[in-house]
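S.K.: sequence first, then the predicted structure, then my questions.
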Amino acid sequence: MLRRLAFPFLWLAEVIAEQVFALMTRVINLLRAMVMPLLLAGAVWFVSWFVPWFYRSRVTAPLRAWWRTRFLPWRDEWFMPRWLTMWQDEKKRGVFLQVVSILFVFFLFLYFLNNVLGNFSALSKQFSFDFLFSSANYDIDQHMALIPYQASDSNLRAALVGVLGTINVTFWGCILAVVLGFIIALARLSPNFLLNRLALIYIETMRNIPLLIQIIFWNVFLATMLPSPDQAVNIGNYFYLSNDGLFVPKFIFSAGGGALAVALVVMVVGFFFLKTSAARHRFTTGQAMSPILFYGLLILLLALPIIVVLFAVQGTWEMPHFGEYTFEGGSLMTSVFMALLLGLSIFAASYIAETVRGALLAIPKGQTEAGMAIGLSRGRINRLVLIPQTLRMVIPPLSSELIGLLKNSTLAAAIGYVDISTTLASSTLNITGHEMECMMLAIGFYLVLSLTMSIIINYYNKQISLRM
């Protein structure tokens with residue numbers, strides 16, 4: 001009986017011992033490979049330090065005096081080459097150490113690259129990105145794909161489906177997290193006891209539950225608590241909510257779609273230049289731009305897409321309707337997408353709320369008292385006085401939270417949402433066997449998108465910062 005009870009623990013101990021032994025073997029092999037580069041770097045460092053020190057020490061003083069008087073009385077530096085004296089110069093010493101460090105990292109990279117190519121050769125594999133143009137041979141839920149996709153399409157198109165899925169959930173997640181974070185922060189500072197405590201419970205609860213658990217909870221909650229498609233919640237005969245997701249009407253363009261896209265781009269770019277021109281005019285002349293000119297151009301920019309819709313866009317609305325088993329037509333916001341969106345935004349909002357609350361508390365209390373003195377309501381004080389000043393302090397830490405939301409979106413694989421981590425870095429990787437190439441592309445995508453978000457947020461931070 002005791003042997004049977006002890007068997008699982010003995011098996012677990014054996015498995016752990018095997019893994020530890022394998023890890024130690026890998027570490028020893030890595031250290032063996034790094035011995036020669038480390039010894040070479042240590043020898044160079046020791047020579048560059050020891051020779052100048054030994055030359056100028058008391059031990060060599062008689063030898064230097066004898067050499068100087070006997071052979072080279074006119075030159076004291078011949079015995080020690082000038083390049084060895086660079087250790088005494090802080091600037092040259094710093095440059096030398098940086099060069100040695102860069103060379104060490106470079107040769108270490110070459111070592112690992114050589115190992116990778118050797119392993120590829122042993123497995124009869126070739127480092128190439130040609131697999132991107134071959135057939136993907138796996139299906140993707142059409143309701144999750146933002147562009148048309150079939151299993152016969154290329155791996156590149158499958159990766160593009162994942163990229164758009166990641167961008168989609170990140171975009172809406174950032175908006176929802178920022179809005180919810182500001183609301184919770186204001187509730188946390190509210191004098192209303194119940195509202196204040198509810199906000200505190202929300203923050204402490206969401207911050208202390210792992211994000212993966214929250215995402216799985218929302219996925220299970222939406223799948224079990226919402227009704228089936230045949231009993232979907234009807235919202236105005238236009239929207240239908242079920243455990244499949246939210247079905248909404250879809251507009252199908254027959255003409256004018258490109259013109260509308262161009263009009264929207266012109267509106268955004270025109271608004272940017274109008275805002276910049278107004279700020280430059282105020283800075284150079286000390287006066288605001290003419291209200292008639294400013295608001296006239298603003299109304300014209302806002303009216304441009306409306307004019308295009310009224311006179312150029314043609315199409316029909318496709319309404320969702322119940323078919324044989326589920327709804328057909330329209331567009332579907334899947335329950336998986338909603339679960340991932342809720343999990344990411346609610347989790348990030350709890351941290352954003354604390355950041356915003358700290359920024360609001362950092363504003364001098366006299367600002368609020370001044371607003372109350374001139375008769376502003378509590379809401380207008382927050383909107384006109386506190387929040388504009390809060391933004392200048394919130395934006396830098398807020399960028400870290402939003403970029404963290406992007407990286408946390410890789411947890412989509414846990415509930416089956418289609419993003420770059422489930423297409424390129426999972427399905428394509430397993431089918432094609434190009435692990436290194438797939439991971440390099442996935443890392444590059446997240447790096448580019450994170451840096452892009454950082455550039456945009458830093459630009460906005462620069463625009464709203466105080467100019468002294």
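M.R.: Sure thing, it's come through. Residues are numbered from 1 along each chain as shown.
S.K.: so where's the stretch 51-200 of the chain uncertain?
M.R.: For the stretch 51-200 of the chain, applying pLDDT under 70 flags the ranges 51-60, 63-89.
S.K.: and whichever strand or helix holds Ile102, what does it pack against?
M.R.: Here Ile102 sits within helix 90-122, counting by DSSP states H and E. Counting contacts by 3 or more Cβ pairs under 8 Å, 6 or more residues apart in numbering; DSSP states H and E, helix 90-122 is packed against helix 2-55. In this view, the C-beta of every residue, glycine as well, is placed from N, C-alpha and C.
S.K.: downstream of the helix holding Ile102, the next helix or strand is which one?
M.R.: helix 155-188.
S.K.: what residues sit buried inside that next one?
M.R.: 155-170, 173-174, 176-178, 180-182, 184-188 (16 or more other Cβ atoms under 10 Å).
S.K.: show me the strands in the stretch 201-350 of the chain, by range?
M.R.: Remark: strands assigned in the stretch 201-350 of the chain by DSSP state E, counting those that start in this stretch are 233-235, 239-242, 245-248, 250-255, 314-318, 321-322, 327-328, 331-334.
S.K.: which one of the ones you listed has the most crowded surroundings?
M.R.: Looking across the strands of the stretch 201-350 of the chain with neighbours counted as mean count of other Cβ atoms under 10 Å, the highest average goes to strand 245-248: a mean of 22.
S.K.: could you dump the strands of the stretch 201-350 of the chain to a markdown table with mean pLDDT and distance to Glu90?
M.R.: Formatted as a markdown table, the strands of the stretch 201-350 of the chain follow (pLDDT from 0 to 100; distance: least, Cβ to Cβ, whole Å):
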| stretch | mean pLDDT | distance to Glu90 |
| --- | --- | --- |
| strand 233-235 | 83 | 71 |
| strand 239-242 | 86 | 69 |
| strand 245-248 | 85 | 64 |
| strand 250-255 | 77 | 67 |
| strand 314-318 | 79 | 71 |
| strand 321-322 | 79 | 78 |
| strand 327-328 | 80 | 73 |
| strand 331-334 | 84 | 61 |
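S.K.: ok, which of those strands comes nearest Met289?
M.R.: Checking the strands of the stretch 201-350 of the chain against Met289 by Cβ to Cβ gives strand 250-255 as the closest, at 36.7 Å.
S.K.: sheet-wise, list the partners of that closest one with their directions.
M.R.: Strand 250-255 pairs in its sheet with strand 314-318 (antiparallel), by DSSP bridges.
S.K.: and the strand it pairs with, C-alpha only, in PDB?
M.R.: Output of strand 314-318 as PDB, limited to C-alpha atoms (Å, rounded to 0.1, in the frame of the first residue of the first chain):
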ATOM      1  CA  GLN A 314     -23.700  53.100 -52.800                       C
ATOM      2  CA  GLY A 315     -24.500  49.900 -51.100                       C
ATOM      3  CA  THR A 316     -27.000  47.900 -49.100                       C
ATOM      4  CA  TRP A 317     -27.300  46.900 -45.400                       C
ATOM      5  CA  GLU A 318     -27.100  43.200 -44.800                       C
END
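S.K.: contact partners of that strand?
M.R.: Strand 314-318 is contacted from outside by Pro249, Lys250, Phe251, Ile252, Phe253, Ser254, Ala255, Gly256, Gly257, Gly329, Gly330, using Cβ atoms under 8 Å, 6 or more residues apart in numbering.
S.K.: apply 6 Å and report the result again.
M.R.: For strand 314-318, the surrounding residues in contact (Cβ atoms under 6 Å, 6 or more residues apart in numbering) are Pro249, Lys250, Phe251, Ile252, Phe253, Ser254, Ala255, Gly256, Gly329, Gly330.
S.K.: and if you look at stretch 424-436?
M.R.: Under Cβ under 6 Å, 6+ apart, the answer for stretch 424-436 is Phe131, Tyr138, Asn155, Ala159, Gly162, Cys438, Leu441, Ala442.
S.K.: mind listing what's buried in it?
M.R.: The neighbour-count check on stretch 424-436 (16+ other Cβ under 10 Å) flags Leu424, Ala425, Ser426, Ser427, Thr428, Leu429, Ile431, Thr432, His434 as buried.
S.K.: how about the first one, nearest residue that isn't a chain neighbour?
M.R.: Going back to what we said before, that points to Leu424. Closest residue in space to Leu424, ignoring its immediate chain neighbours: Ala159 at 4.2 Å, by Cβ to Cβ, 6 or more residues apart in numbering.
S.K.: returning to what we had before: from the contacts of stretch 424-436, pick the one nearest Glu18.
M.R.: Glu18 has its nearest neighbour among these in Cys438, at 28.7 Å by Cβ to Cβ.
S.K.: could you say which helix or strand holds the closest one?
M.R.: Cys438 belongs to helix 435-464, assigned by DSSP H and E.
S.K.: and the strands of the stretch 201-350 of the chain as a markdown table, adding distance to Gln389?
M.R.: Output for the strands of the stretch 201-350 of the chain, formatted as a markdown table (distance: least, Cβ to Cβ, whole Å):
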| stretch | distance to Gln389 |
| --- | --- |
| strand 233-235 | 40 |
| strand 239-242 | 39 |
| strand 245-248 | 38 |
| strand 250-255 | 41 |
| strand 314-318 | 45 |
| strand 321-322 | 51 |
| strand 327-328 | 48 |
| strand 331-334 | 36 |
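S.K.: show the contacting residues for the closest residue to Gln231 other than its chain neighbours.
M.R.: The shortest distance from Gln231 to any residue other than its chain neighbours is 7.5 Å, reached at Ser242 (Cβ to Cβ, 6+ apart). By Cβ under 6 Å, 6+ apart, Ser242 lies in contact with Leu226, Pro227, Pro229, Ala232.
S.K.: so in terms of bridging, what pairs with Ser242?
M.R.: Counting by DSSP bridges, Ser242 is bridged to Gly245.
S.K.: report the buried residues of the one helix or strand Pro397 maps to.
M.R.: If you go by DSSP H and E, Pro397 is part of helix 387-408. Residues 387, 389-391, 393-395, 398-399, 401-406, 408 are the ones in helix 387-408 that count as buried (16+ other Cβ under 10 Å).
S.K.: same question, stretch 340-351
M.R.: Buried residues in stretch 340-351, defined by neighbour count with 16+ other Cβ under 10 Å: Leu340, Leu341, Leu342, Gly343, Leu344, Ser345, Ile346, Phe347, Ala348, Ala349, Ser350, Tyr351.
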